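Visitor: got a structure for you, letters missing:
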């Protein structure tokens with residue numbers, strides 16, 4: 001399934017300054033158009049709450065297996081799009097899996113002990129991450145080619161509005177925006 005994504009080129013921003021960098025999760029109003037996988041680190045009690053919502057639940061005693069087998073850890077990070085963890089496990093996950101998940105921007109979102117992360121997981125399945133790091137150009141998926149043009153337009157409009165709201169000078173910090181499919185040519189919008 002071919003992804004439709006945007007490429008945004010920023011201007012007049014010093015991205016060496018951390019506060020100017022873009023790092024935001026946006027819940028698309030029309031969804032991603034493809035299945036998104038969410039992994040949960042948690043106890044048996046949490047596993048029961050997220051049954052049918054999460055794609056994988058890793059028990060606390062199994063974290064070490066992913067940390068010691070680097071290949072298995074990298075495969076986990078590659079296969080799953082988002083991670084959620086019970087707050088008490090965050091320290092262990094940071095120490096044991098932080099080197100694998102951190103650079104990919106996939107550190108788990110903590111949930112309080114006893115809380116139900118099901119609504120958070122449902123939102124994650126429609127979420128895209130806008131992340132510029134220290135570069136003026138960044139990409140973000142807005143759907144798939146199988147989606148209707150109207151749904152893609154709604155997602156695009158929503159992402160651009162969120163982005164301009166986040167930028168210091170709004171639309172004046174955007175140099176250009178392109179839309180393209182994975183294998184197709186890019187089309188300039190702005």
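Guide: Structure's in. What do you need? In this text the structure is predicted, and so the values were computed from the model without any measurement.
Visitor: Nearest spatial neighbour of residue 76, chain-adjacent residues omitted?
Guide: residue 66 (5.6 Å; Cβ to Cβ, 6 or more residues apart in numbering). Yep, even glycine has a C-beta here, placed from its N, CA and C like the rest.
Visitor: Checking my notes, residue 14 in a helix, right?
Guide: No. Using DSSP: H, G, I helix; E, B strand; the rest coil, the assignment for residue 14 is coil, not a helix.
Visitor: What count of nearby residues applies to the spatially closest residue to it that is not a sequence neighbour?
Guide: Leaving aside its chain neighbours, residue 14 sits nearest to residue 20 (5.8 Å; criterion: Cβ to Cβ, 6+ apart). Residues within reach of residue 20, counting by other Cβ atoms under 10 Å, total 16.
Visitor: And stretch 84-103, end to end?
Guide: Counting by Cα to Cα, to the nearest Å, you get 17 Å between the two ends of stretch 84-103.
Visitor: Can you name the helix or strand that residue 95 falls in?
Guide: helix 90-101 (DSSP states H and E).
Visitor: Not counting that helix itself, show me its contacts.
Guide: 41, 60, 63-64, 66-67, 70, 73-74, 76-77, 83, 85, 102, 107-108, 110 (Cβ atoms under 8 Å, 6 or more residues apart in numbering).
Visitor: Ok, stretch 70-87 next?
Guide: Stretch 70-87 is touched from outside by 36-43, 46, 50, 54-56, 65-67, 93, 97, 100-101, 104, 106-113, 117, 120-121, 124, 127, with contacts defined as Cβ under 8 Å, 6+ apart.
Visitor: Which positions within stretch 8-26 qualify as buried?
Guide: Of the residues in stretch 8-26, 8, 10, 13, 20, 21, 22, 24, 26 count as buried by neighbour count, 16 or more other Cβ atoms under 10 Å.
Visitor: Show me how far that stretch is from its chain's centre.
Guide: Relative to its chain's centre, stretch 8-26 lies at 16 Å (Cα atoms, centre = their mean, to the nearest Å).
Visitor: Okay then, goodbye and thanks.
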